[in-house]
Every structure is written in C-alpha cells, then in structure tokens.
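# coords below, sequence missing:
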C-alpha cells in the first residue's frame, strides 16, 4: 500500500512541477523581448559575447554549435532571462572593480613615523622554564 501511495504522490509532484515550469516559461515568453532589450541596455558586451561563443562553437564543433543555435531559438525566453541576469551581474562586478581601483589609486595608507627619540619600553628579561616530560625520563640515568 505504501508503494502505491508513493507512486501516486510522485505522479502528482511531477504534474505540479510541470504546471509550475509551464507558468514560468509562459511569463518568461512574454517578458523575453523586454529582457533582451534590458540586457542590451545594461551591458551590450554580454549579449555580443554570447553570440561570439555560439559562433565559435559552430566552427569548433559544428554539431554542438547547431544544437546551441536550436536551443537558443526554442529556449529564447530562458536565454533572454539568463542574458539579462548575466549582464546585470557583469555591470555590478565592473562597478565594484572600478571602485576598488579608485580606492587603491586615490588613497594613501596612514602610518605612524617611529623615531628613536621616543621613549623606549624597558621590559625585564624573560625567564625560560624547562618543562620536564616523560620523554626526558627515558634518557635520565637509570642505573640505580
């Protein structure tokens, strides 16, 4: 009885996943033109680099290149969402890199000049304690 219930729940789970994926794909299909235009406006280099990647793959391995072209055509809503997210992240990363470069070039590190004129701190000499351990007992005179 448990295995039949498990299979029924598995089937209902796959049906629910199918409807969720179908809904997400439908929403992306409507938003795809806006997403690709947004990707071009945010960072056009990302879209150009994706095109170059597909073009280069077509000449390196023509079977994979044709498969990429077909997946790009049939999966245009997903590809446009991916390119939009990637261009947004590329823009954020480039801004962070520019900010880091600006901080490195623009600011000097503050330091304190220490000269011999300042008062030196006198510390008492440290005393070393020799700790005994069991290993030392092996080499002690055991002739007694």
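It's in. In this text the structure is predicted, and so the values were computed from the model without any measurement.
# now residue 25, nearest residue through space, not along the chain?
Leaving out its chain neighbours, the residue that sits closest to residue 25 by CB to CB, 6 or more residues apart in numbering is residue 77, at 6.1 Å. No exception for glycine: its C-beta is placed from N, CA and C like everyone else's.
# so for residue 136, what's the pLDDT?
Residue 136 is assigned a pLDDT of 68 by the prediction.
# hmm, back to that, quick one: mean pLDDT for whichever strand or helix holds the residue nearest to residue 25?
In this structure, residue 77 sits in helix 76-106 according to DSSP states H and E. In this model, helix 76-106 has a mean pLDDT of 88.
# hmm, who's touching stretch 62-71?
If you take CB atoms under 8 Å, 6 or more residues apart in numbering as the criterion, stretch 62-71 is touched by 54-55, 57-59, 79.
# now with 7 Å, please.
Residues from elsewhere that reach stretch 62-71 (CB atoms under 7 Å, 6 or more residues apart in numbering): 54, 57-58.
# pull out the buried residues from it.
Buried positions in stretch 62-71, judged by neighbour count with 16 or more other CB atoms under 10 Å: 65, 68.
# what's the spacing between that stretch and its chain's center?
Offset of stretch 62-71 from its chain centre (CA atoms, centre = their mean, to the nearest Å): 27 Å.
# likewise stretch 30-47?
22 Å.
# just the buried residues of that stretch, please?
Those buried within stretch 30-47 under the rule 16+ other CB under 10 Å are 32, 35-36, 38-40, 42-43, 46-47.
# tilt between the longest helix along the chain and helix 76-106?
For the chain, the longest helix by residue count, based on DSSP state H, is helix 2-42. In this structure, helix 2-42 runs at an angle of 60 degrees to helix 76-106, with axes from the mean of the first three to the mean of the last three CA atoms, to 10 degrees as the basis.
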